[in-house]
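>>> Okay, sequence plus prediction incoming.
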Amino acid sequence: MRRKTNTIIDPEKCTGCGLCVKVCPSDTLTMKDGKAVVTGPYSLGCEHCVAVCPVDAVTVGFVDSDALRFETLPNDDEYVKPGSYDAAALIRLMKSRRSTRDFAPDPLPLSRLNDFVRIGLTAPTGTNSQLWTFTIIPDRDSVAAFAKQLGRFFEKLNKMAESALARGISRVFMKDVLGEYYQDYYESVKEGLRQYREEGRDRLFHGAPAVILIGSAPGASCPAEDALLATQNIVLAAHALGYGTCLIGFAVEAMKNDPKLKDFLGIPRDEKIYSVIALGKPREKYRRPAGRKKVTPRVFSVSASRPETRR
C-alpha cells in the first residue's frame, strides 16, 4: 500500500546521522547537505524513521497518537530492545494459553474490551495497510442474540444437508462441500442446536459474556494474516490479564456464507470476517500446559552438501 508521504523532518533538530534514511523501506528519505530530507512521493507510514531518530526530529502524519493509549492498562511507551525481554516468560505464556469452553458470567467493561482492540493494533500488517476492522459484542444478551441468528443459519444448513439431492448437486457443482459438511459436522451441529433449544446450553460461545470479531476492509494485501496476527496478540494478552478466549470458527464460516449476519451486527457487506473471539473469565482451572504433535521442519540451504552426480 503506497500512501502519499506526509512525513516531516525538523531541520533544526536533525543532526544528519542518516539513521532514518537507512531504515526507510520506501526510499522516502535521502541525505542532502548533511541533513535528512523528504524526497520520495510515497511512504509506507511505518514510522521506522520516527522510532530510530535519536533527537525526535521526524513526524509521520498517518498515525493517531492516541490509538494505543489504554484506558484500563498502564501506558508505558518505553521501547523493549531485542534480546532484553524475558523470553522464557513469554514462551511460558504462549504454552499456557488454552481455549476456554466454560466462561463465568462476569461482564467485561467496555473500556477493557476497547483495550483488547488496542492490543490487537500492535500486530503487524502486510504493507502496513492497517485496514483491519474490529466489532465488539459487549454483553451476554447481545452475544446470545447473535448466537440465535447463527443458530438459524445452521438449522437451514442442516436441513439442506439432509437432502440427498442437494448433496448430489454439491458433489457435482460445489466440490462436495455439502457432503463433507454432512459427514463431518451435521450430527454435532444437530445435537448442539437441540441442546441450545431444549436445555439452553450454549455450545457455540460457551457462555462467553463478550465477543470480538476481527475482519478487514477491502484493499489490504494480506487481510487474513493481518486479522489472525491481531487475534494472537489479543488471546495472549487476555490470558496474561486473567481472561479466557476461544476462537469460534463456526461463526466465521457462517458469516462467509450469509451476509445477513453482517447486517445484523451492522458490519458492511464488503468487509470480510476472519476471526471471532469469545472472551470472559474462565471457570476452568488448568494445572499444566498442553502438548503438541511433533513436527520435523524442512531445511533448505544452498550451502548444504549435496550428493555428487555420477556421469
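Everything's here; your move.
>>> contacts and neighbour counts: CA atoms only from here.
Fine.
>>> List the strands paired with the helix or strand of the chain with the lowest mean pLDDT, with their directions.
Least confident element among the helices and strands of the chain, by mean pLDDT, DSSP states H and E: strand 3-4 (a mean of 85). In the sheet, strand 3-4 lines up against strand 42-43 (antiparallel) (DSSP bridges).
>>> Could you list the buried residues of whatever helix or strand comes next after the strand it pairs with?
Proceeding N to C from strand 42-43, the next assigned helix or strand is helix 48-52, under DSSP states H and E. Neighbour counts over helix 48-52 (16 or more other CA atoms under 10 Å) mark 48-50, 52 as buried.
>>> just checking, what packs against helix 48-52?
helix 19-23, strand 58-60 (3 or more CA pairs under 8 Å, 6 or more residues apart in numbering; DSSP states H and E).
>>> For those, which has the smallest mean pLDDT value?
Within the helices and strands packed on helix 48-52, confidence is poorest for strand 58-60, with a mean of 94 (mean pLDDT).
>>> any idea which element Tyr79 lies in?
Per DSSP H and E, there is no helix or strand for Tyr79.
>>> Tell me the pLDDT of it.
At Tyr79, pLDDT is 93.
>>> Over to Tyr85?
Reported pLDDT for Tyr85: 96.
>>> What of Phe62?
83.
>>> still on that earlier bit, what's in contact with the least confident helix or strand of the chain?
Strand 3-4 has contacts (CA atoms under 8 Å, 6 or more residues apart in numbering) with 41-45.
>>> Which one of these is nearest to Gln183?
For the contacts of strand 3-4, the closest approach to Gln183 (CA to CA) belongs to Leu44, at 46.7 Å.
>>> Let me have the contacts of strand 3-4 in a markdown table, extended by pLDDT and neighbour count.
Output for the contacts of strand 3-4, formatted as a markdown table (pLDDT from 0 to 100; neighbours: other CA atoms under 10 Å):
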| residue | pLDDT | neighbour count |
| --- | --- | --- |
| Pro41 | 93 | 15 |
| Tyr42 | 92 | 18 |
| Ser43 | 92 | 23 |
| Leu44 | 91 | 20 |
| Gly45 | 90 | 24 |
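>>> and the residues you listed, which two are the farthest apart?
Counting by CA to CA, the most remote pair of those is Pro41 and Gly45, 12.1 Å apart.
>>> Mind listing the shared neighbours of those two?
Common neighbours of Pro41 and Gly45 are listed as Thr5 (criterion: CA under 8 Å, 6+ apart).
>>> Where is the longest strand in this protein?
Criterion DSSP state E: the longest strand present in the chain is strand 272-280.
>>> chain center to it: distance?
Distance, stretch centre to chain centre, for strand 272-280: 8 Å (CA atoms, centre = their mean, to the nearest Å).
>>> partner strands of it, parallel or antiparallel?
Counting by DSSP bridges, strand 272-280 is paired with strand 210-216 (antiparallel), strand 244-247 (antiparallel).
>>> buried set for the last one?
Of the residues in strand 244-247, those buried under the neighbour-count criterion (16+ other CA under 10 Å) are 244-247.
>>> Give me the next element, helix or strand, following that strand.
Following strand 244-247 in sequence, per DSSP H and E, is helix 249-257.
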